[in-house]
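Novice: Pasting the sequence and the predicted model now:
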Amino acid sequence: MFEKLEKFLDGLRELPVPGNDCIVCRKGEVVFRHTAGFADKEKTRPLTGSEKYQLFSCSKMITCCAALQLWEQGKFDLEDELCRYLPEYAQMKVRTPDGITDARNKITLRHLFTMKAGFNYDLNAPALRRAFDDTKGSCPTREVIRYLAQEPLDFEPGTKWQYSLAHDVLAAVVEEIAGMEFNEYVTKNIFDVLGMESCTFLLPSAQYDTLLPLYHELSAGDPLCLLQGIGYSGSAPFRLGPCYASGGAGCVSTAEDYNKLLQALCMGERILKRSTIDMMRHDELDDEQQKATWNGPYYSYGLGVRCPRRGQTMRNDFGWGGAGGAYFCIDPEREVTVLYMQHVHGTSAAPKRTRVIEFVNEIFS
């Protein structure tokens, strides 16, 4: 039944990917699990299926779920201006062909969810460097996002789609509205509820050796271990400091624990209402904005997730992927979920992993 998918997954490990893990569920039950290959590029430690991965952008859906829980409670409206909760964003600047000017539009919370706020993904921006220096490298989430407001936006809020730090800002909004640190909120309201015991946005530095080593494919040759990431702390990509919970890229998890989140969103009602999940996967982009994404002809972007493009009938699933190789799809109509995990950043396998849903759709068509 799953022979083609299994052969495809084994083929990805020739690209190179030392090991990968895939879980397919239907109606909340695991119907396929394929854990193969190795935890290290030297091929001395076989994968067991219990390894912890850096989720990177698969963290984003967790952050959006946390925020939408507060929305369900009536704590905010999607059209609320960001400055209502983070006052430093009241008077933003924007880059234009004629130079930096005052922004005409206010950033709304919907803009954060949909990547239309005007932010970018420059972790070396001068304001973020100052945040690191001024906090002596600790980088508390709310403090870092306060500094980010000093950076000009790339475009007028609401006018374009651009992948960015918007969900890191959303994590700070959760802190303000919930009255607790972001990692504490998601632990209490998502991880503990679903039994996701391995998950955290603030893994202590001393525990980073419990994660799978993260490799990077510099060329077509052997992948190299990323000893230092994009951030400044030297411990992991996107980790600006030990107190920075990156809502867009900072979560770690085992495959089995992250799969629990997929089941909750596929079946509905455990952490979010079914109607809220349907709202998440509604197309939020116009045709011009959709062209800026890399989602292909079938998909657009909703509230923090890739979603079916308006008007097409070939795909029902929503989901996203991460820079380290994690990728997931949730199809509520068929009650099917797919989770793919690997630990290589920048590999040529990344574009190919999206085909896993094609094999699964063929099986359950």
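Specialist: Good, I have the coordinates.
Novice: wait, what's in contact with the nearest residue to residue 359 once chain neighbours are set aside?
Specialist: On the basis of Cβ to Cβ, 6 or more residues apart in numbering, the spatially nearest residue to residue 359 that is not a chain neighbour turns out to be residue 5, at 4.1 Å. For every residue, glycine as well, the C-beta is placed using N, CA and C. The contact partners of residue 5, taken as Cβ atoms under 8 Å, 6 or more residues apart in numbering, are 22, 24, 32, 34, 356, 359-360, 363.
Novice: Sort out for me which of these are in helices.
Specialist: Members of the contacts of residue 5 lying in helices (criterion: DSSP state H): 356, 359-360, 363.
Novice: between these, which is nearest residue 113?
Specialist: For residue 113, the nearest member of the ones in helices among the contacts of residue 5 is residue 356. The distance, counting by Cβ to Cβ, is 25.7 Å.
Novice: From what I see, that closest one and residue 11 are in contact.
Specialist: No - here residue 356 lies out of contact with residue 11, judged by Cβ atoms under 8 Å, at a distance of 11.7 Å.
Novice: Just after the helix or strand of the chain with the lowest mean pLDDT, pick out the following helix or strand.
Specialist: Every helix and strand of the chain was ranked by mean pLDDT, DSSP states H and E. The lowest is strand 224-225, at a mean of 56. Once strand 224-225 ends, the next helix or strand along the chain (criterion: DSSP states H and E) is strand 252-254.
Novice: Moving C-terminal from that next one, which element do we reach first?
Specialist: Toward the C-terminal end, the helix or strand that comes next after strand 252-254 (DSSP H and E) is helix 255-267.
Novice: quick one: average confidence on that following helix?
Specialist: Across helix 255-267, pLDDT averages out at 98.
Novice: Repeat that for stretch 9-21.
Specialist: Stretch 9-21 shows an average pLDDT of 89 in the prediction.
Novice: again, but for stretch 107-121
Specialist: For stretch 107-121, the mean pLDDT works out to 98.
Novice: First-to-last residue distance for stretch 181-192?
Specialist: 16 Å (Cα to Cα, to the nearest Å).
Novice: List the contacts of it.
Specialist: When contacts are defined by Cβ under 8 Å, 6+ apart, stretch 181-192 is touched by residues 62-63, 65-66, 69, 141, 171-172, 174-175, 178, 180, 196-197, 199-202, 245, 247, 261, 271.
Novice: how far out from the middle of the chain is that stretch?
Specialist: Put simply, stretch 181-192 sits 16 Å off its chain's centre (Cα atoms, centre = their mean, to the nearest Å).
Novice: related to what we said a few turns ago, okay if I get the contacts of residue 5 as CSV plus distance to residue 167 and neighbour count?
Specialist: CSV is the format used below for the contacts of residue 5 (distance: Cβ to Cβ, whole Å; neighbours: other Cβ atoms under 10 Å):
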residue, distance to residue 167, neighbour count
22, 25, 26
24, 27, 24
32, 30, 18
34, 30, 17
356, 24, 21
359, 29, 20
360, 27, 24
363, 32, 16
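Novice: I'd like these laid out as TSV, including distance to residue 253.
Specialist: Formatted as TSV, the contacts of residue 5 follow (distance: Cβ to Cβ, whole Å):
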residue	distance to residue 253
22	15
24	18
32	19
34	18
356	18
359	24
360	21
363	26
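Novice: so what's residue 150 up against?
Specialist: When contacts are counted by Cβ under 8 Å, 6+ apart, residue 150 touches 126-127, 130.
Novice: just the residues you listed now: which is nearest residue 115?
Specialist: Checking the contacts of residue 150 one by one against residue 115 (Cβ to Cβ), the nearest turns out to be residue 127, at 19.7 Å.
Novice: ok so the closest one is a strand residue?
Specialist: No - when classified by DSSP: H, G, I helix; E, B strand; the rest coil, residue 127 is found to be helix rather than part of a strand.
Novice: Cheers, nothing more for now.
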